[in-house]
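Asker: Fold the following, please.
(4 chains)
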Protein chains: 2
Amino acid sequence: MSHRRSTVISDVTLKHIASSLGVNASTVSRALDPAKSHLVSEEMVAQVRQAASELGYRGDRVAGAMRRGATGTVGVIVADLANPFIAPVIHGIAQSLATEQMLPMIVETNDDPAELASSVDHLLSRRVDAVICAGARFENREVLEQAAVHTPLIIAVRGLPNSVLTQVLHDDRAGGAMAARHLLERGHKRVAELRGPDDVGNFVARHQGFQDECGIAAAEAIDLPSVGARPIRAEGERLAQVLLDEHGDNLPTAVFAHNDLMAVGALSVFREHGLSCPDDISIVAYNNSPMIDQVDPPLTSVVYPGIEVGRAAGDVSLHLISQPEDRAAGAIFPPTMCIRDSAKQL
Amino acid sequence: MSHRRSTVISDVTLKHIASSLGVNASTVSRALDPAKSHLVSEEMVAQVRQAASELGYRGDRVAGAMRRGATGTVGVIVADLANPFIAPVIHGIAQSLATEQMLPMIVETNDDPAELASSVDHLLSRRVDAVICAGARFENREVLEQAAVHTPLIIAVRGLPNSVLTQVLHDDRAGGAMAARHLLERGHKRVAELRGPDDVGNFVARHQGFQDECGIAAAEAIDLPSVGARPIRAEGERLAQVLLDEHGDNLPTAVFAHNDLMAVGALSVFREHGLSCPDDISIVAYNNSPMIDQVDPPLTSVVYPGIEVGRAAGDVSLHLISQPEDRAAGAIFPPTMCIRDSAKQL
DNA sequence: TTTTACACTACAATCGATTGCACGATCTGG
DNA sequence: CCAGATCGTGCAATCGATTGTAGTGTAAAA
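Answerer: Numbering: from 1, shown residues only, chains lettered A, B, ... in the order given. This next block holds a predicted model:
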């Protein structure tokens, strides 16, 4: 009838094992640590192991972290978990960290630059061993570079141009250029660009790559910038509508959307207005999301290798944690493209 | 030229603040804790606050966790982060936890039941305040119920039938029934079911609901079970192929796929074989993934409210943490459905 | 046999924040 | 003017694992 918790079979500490064996906790600690067990007699190691498993000893990584100064966690900052494009990245990070028994601690900023600073602080107060920022906006540069002075911190996914920070990215510039080339090679001379936010590295790079390539080919590129908004479907719809409103009398023959979500949004607006893809207007998208090949029409899309980028980011963090002196090299993944049916030969 | 780290401006502890003010660390601790600051003179509180911000004090939640016994983290176990369907759930969980400055610690099991047990252990050794298991398979029942004795633990997303554990789920049974009804109402009398793994709550429930409803209407339901495989696109393709192989001479008029991924897989196989949807064969899918409405044809799909389920799971965990005595009630979300063009009236 | 070496283990400090208890000072009421 | 209440602070223990140092004992070397 008592309300006291029943004897907690778990919550076994080193001391419990130690006293059950009549030895000191330090001996138990060493016996259980493979890297130190040579300091303890073999029979003692065996006894300790036995007792530990009998008592269901699990250890307390918080206490361990306290003493050693390493928590075995890496903070991961993302803009928005609900954006399907980020999930594979986290998967890759988790996969990489798991090789060292480490865990990611994920914080969302809701793509609000102001929240990023407090997220960094929050993670640091939790003593993460490193931080992977996969949701940077340009204005966060200082905060991040500042934090990097004291803690291993890398930029992933969303690049920060001209930053001293280690970055693990996909080559969005080359990706934008690749998208342009794909259209130009098919005879398109007038193309529109549905851009993502202009303070996010990926979109700026895609824009530059696209523009450069159009410039070389002397093709006309209609620029539809997106300021402050989030690069989701609704924004694709909005920009498509702007395109129709402002260039309805002389539409471009093709559109490059900065991501799949926006492409799909644009596609639906085009359809509503009786424009079919690719017959009336061609589309090249970006990210190659899981179901993009089943869209009508299957979309040609630049591939974003999320898992690989995530895995690389995890690997670099691990490296930076174990070798803080190394100015670890970043990584940049070249783009590839999945060509489907949404961009036709003129 | 030295290799010593430069003076670490960060890493300020309570003691630093204390000595800079000539007071004891305990006073600083109390001054900084809103719930205890009334124990300290107002002027002292002001001084402490000032000094803290000047020195850039951030606190050490690891040390705090050690002393108070609560880490401010919730362990989240998922099968596979790369599965796009789980991301919104995590988003919801993170959102809920954020209201209390808590963070999720995410572990993947790769949908391997054996890994789940060690994941639980890992999380417990990190002293998470609660565990949300969103990746349970039936055989994990014991491990989970055992762990729940010592720690707040809830089941989310993937139900565990007949378990005493608190569960936060979507009503997959009703969802399966809803899918069936949708087809039956449209005159389909011979329908096939492309099932997900038979040891995952969601799919078992969807199956039961679907079968029951077909039974009531005396419709013929061709059962295509999926054993041991993961419910992804490839499995949808496989099952569709099985359907064609075994019933090619007398195909059903409709198919219920246990999720969007499998539906899309099946769709592509049907298309390869010259069957068009919905003219030759109707499809109802499940989850209502982000781009499923742009598939050709736009798929009718039972809606999985991932964010809401996640948020509820987070809320319940928080409740369980603050009121461990309460046998917290779970939650079950009724299904809704997005009707599009993939299921036609016969 | 004496000395040097080595293998084990115990002791105690430590990581940083928190909190029960105690102490001194100021204040109130009788 | 004194007893007792109240307020503000300091002291020291604590959470559990880790690790440098010291100490015991035994074995090998001289």
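Asker: Am I right that residue A:131 is in a strand?
Answerer: Yes - applying DSSP: H, G, I helix; E, B strand; the rest coil, one finds residue A:131 inside a strand.
Asker: residue contacts, the nearest residue to residue A:224 once chain neighbours are set aside?
Answerer: Using Cβ to Cβ, 6 or more residues apart in numbering or on different chains and skipping the chain neighbours, the partner closest in space to residue A:224 is residue A:239 (4.6 Å). Backbone N, C-alpha and C define where each C-beta goes, glycine included. Counting by Cβ atoms under 8 Å, 6 or more residues apart in numbering or on different chains, residue A:239 touches A:194-195, A:224, A:226, A:262, A:266.
Asker: before we move on, what about residue A:147?
Answerer: Residue A:147 sits next to A:120, A:124, A:131, A:153 when contact means Cβ under 8 Å, 6+ apart.
Asker: which bits of the stretch 51-200 of chain A sit near chain B?
Answerer: With Cβ under 8 Å from any Cβ of the partner chain as the criterion, the stretch 51-200 of chain A meets chain B at residues A:58-63, A:65-66, A:71, A:73, A:80-84, A:86-88, A:90-91, A:94-95, A:98, A:101, A:103-108, A:121-122, A:124-127, A:150.
Asker: hang on, residue A:77 packs against residue A:123?
Answerer: Yes - using Cβ atoms under 8 Å, residue A:77 is in contact with residue A:123, at 7.4 Å.
Asker: Which residues of the stretch 201-346 of chain A lie near chain B?
Answerer: Close to chain B, as judged by Cβ under 8 Å from any Cβ, the stretch 201-346 of chain A has residues A:260-261, A:264, A:267-268, A:289-292, A:294-297, A:307, A:325.
Asker: Return a PyMOL selection command for the buried portion of these.
Answerer: Buried members of those, identified by 16 or more other Cβ atoms under 10 Å in any protein chain shown, are gathered into one PyMOL selection as follows:
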select buried, chain A and resi 260+261+264+267+268+289+290+291+292+294+295+296+297+307
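Asker: Just the residues of the stretch 201-346 of chain A next to chain B: which are in helices?
Answerer: Of these, the ones assigned to helices by DSSP state H are A:260-261, A:264, A:267-268, A:307.
Asker: With pLDDT as added columns, please give the residues you listed in JSON lines.
Answerer: Listed next are those as JSON lines, based on pLDDT from 0 to 100:
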{"residue": "A:260", "pLDDT": "96"}
{"residue": "A:261", "pLDDT": "93"}
{"residue": "A:264", "pLDDT": "95"}
{"residue": "A:267", "pLDDT": "96"}
{"residue": "A:268", "pLDDT": "94"}
{"residue": "A:307", "pLDDT": "97"}
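Asker: re the thing from before, which of the contacts of residue A:147 sits closest to DNA strand C?
Answerer: DNA strand C lies nearest to residue A:124 out of the contacts of residue A:147, by Cβ to the nearest atom of the strand, at 11.7 Å.
Asker: Might you enumerate the residues of the stretch 1-150 of chain A proximal to DNA strand C?
Answerer: Contact residues (Cβ under 7 Å from any atom of the strand) of the stretch 1-150 of chain A with DNA strand C: A:22-27, A:30, A:38-44, A:63, A:66-67, A:69.
Asker: Of those, select the buried ones using a ChimeraX command.
Answerer: Filtering these down to the buried ones (16+ other Cβ under 10 Å) takes a single ChimeraX command:
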select /A:23,27,30,40,44,66
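Asker: just the strands in the stretch 101-250 of chain A please.
Answerer: A:103-108, A:130-133, A:153-156, A:166-170, A:190-197, A:220-226 (DSSP state E, counting those that start in this stretch).
Asker: coming back round to it: which members of the ones in helices among the residues of the stretch 201-346 of chain A next to chain B are the farthest-apart pair?
Answerer: Farthest-apart pair in those is A:268 and A:307; separation 28.5 Å (Cβ to Cβ).
Asker: if we can go back for a sec, check the residues of the stretch 51-200 of chain A next to chain B one by one and keep those near DNA strand D.
Answerer: A:59-60, A:63, A:66.
Asker: Which of these fall within strands?
Answerer: Judged by DSSP state E, those include no members of strands.
Asker: which residues touch the closest residue to DNA strand C within the stretch 151-300 of chain A?
Answerer: Ranked by Cβ to the nearest atom of the strand, the top residue of the stretch 151-300 of chain A for proximity to DNA strand C is residue A:151, at 13.9 Å. Residue A:151 sits next to A:124, A:128, A:130-131 when contact means Cβ under 8 Å, 6+ apart.
Asker: Please repeat the previous calculation with a cut-off of 7 Å.
Answerer: Going by Cβ atoms under 7 Å, 6 or more residues apart in numbering or on different chains, residue A:151 touches A:124, A:130-131.
Asker: try residue A:94
Answerer: Neighbour list for residue A:94: A:104, B:81, B:106, B:108 [criterion: Cβ under 7 Å, 6+ apart].
Asker: go on, residue A:153?
Answerer: Taking Cβ under 7 Å, 6+ apart, one finds A:130-131, A:133, A:144, A:147, A:165 in contact with residue A:153.
Asker: Export these to CSV and append columns for distance to residue B:210 and pLDDT.
Answerer: Listed next are these as CSV, based on distance: Cβ to Cβ, whole Å; pLDDT from 0 to 100:
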residue, distance to residue B:210, pLDDT
A:130, 47, 98
A:131, 46, 98
A:133, 45, 98
A:144, 50, 97
A:147, 52, 95
A:165, 52, 96
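Asker: one step back: quick one, which of the residues of the stretch 51-200 of chain A next to chain B are buried?
Answerer: Those of those that meet the buried threshold are A:58-62, A:65-66, A:71, A:73, A:80-84, A:86-88, A:90-91, A:94-95, A:98, A:103-108, A:122, A:124-127, by 16+ other Cβ under 10 Å.
Asker: For the helix or strand containing residue A:17, name the packing helices and strands.
Answerer: Here residue A:17, judged by DSSP states H and E, is contained in helix A:14-21. Counting contacts by 3 or more Cβ pairs under 7 Å, 6 or more residues apart in numbering or on different chains; DSSP states H and E, helix A:14-21 is packed against helix A:25-32, helix A:42-55.
Asker: Just put the ones you listed in JSON lines and tack on mean pLDDT.
Answerer: Listed next are those as JSON lines, based on pLDDT from 0 to 100:
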{"stretch": "helix A:25-32", "mean pLDDT": "97"}
{"stretch": "helix A:42-55", "mean pLDDT": "96"}
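Asker: mind putting the ones you listed in TSV, distance to DNA strand D included?
Answerer: Output for the helices and strands packed on helix A:14-21, formatted as TSV (distance: least, Cβ to the nearest atom of the strand, whole Å):
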stretch	distance to DNA strand D
helix A:25-32	3
helix A:42-55	10
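Asker: how about those helices in a markdown table, adding distance to residue A:246?
Answerer: Listed next are the helices and strands packed on helix A:14-21 as a markdown table, based on distance: least, Cβ to Cβ, whole Å:
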| stretch | distance to residue A:246 |
| --- | --- |
| helix A:25-32 | 69 |
| helix A:42-55 | 71 |
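Asker: Residue A:179 against residue A:302, yeah?
Answerer: Yes - applying Cβ atoms under 7 Å, one finds residue A:179 in contact with residue A:302, separated by 5.7 Å.
Asker: Residues that sit against both of the two, list them.
Answerer: Common neighbours of residue A:179 and residue A:302 (Cβ under 7 Å, 6+ apart) do not exist.
Asker: which residues does the residue in the stretch 151-300 of chain A positioned nearest to DNA strand D contact?
Answerer: When scored by Cβ to the nearest atom of the strand, the stretch 151-300 of chain A has residue A:152 as its residue closest to DNA strand D, at 19.2 Å. The contact partners of residue A:152, by Cβ under 7 Å, 6+ apart, come to A:130, A:317, A:320-321, A:324.
Asker: Which two among those residues are spaced furthest apart?
Answerer: A:317 and A:324, at 11.3 Å, using Cβ to Cβ across the contacts of residue A:152.
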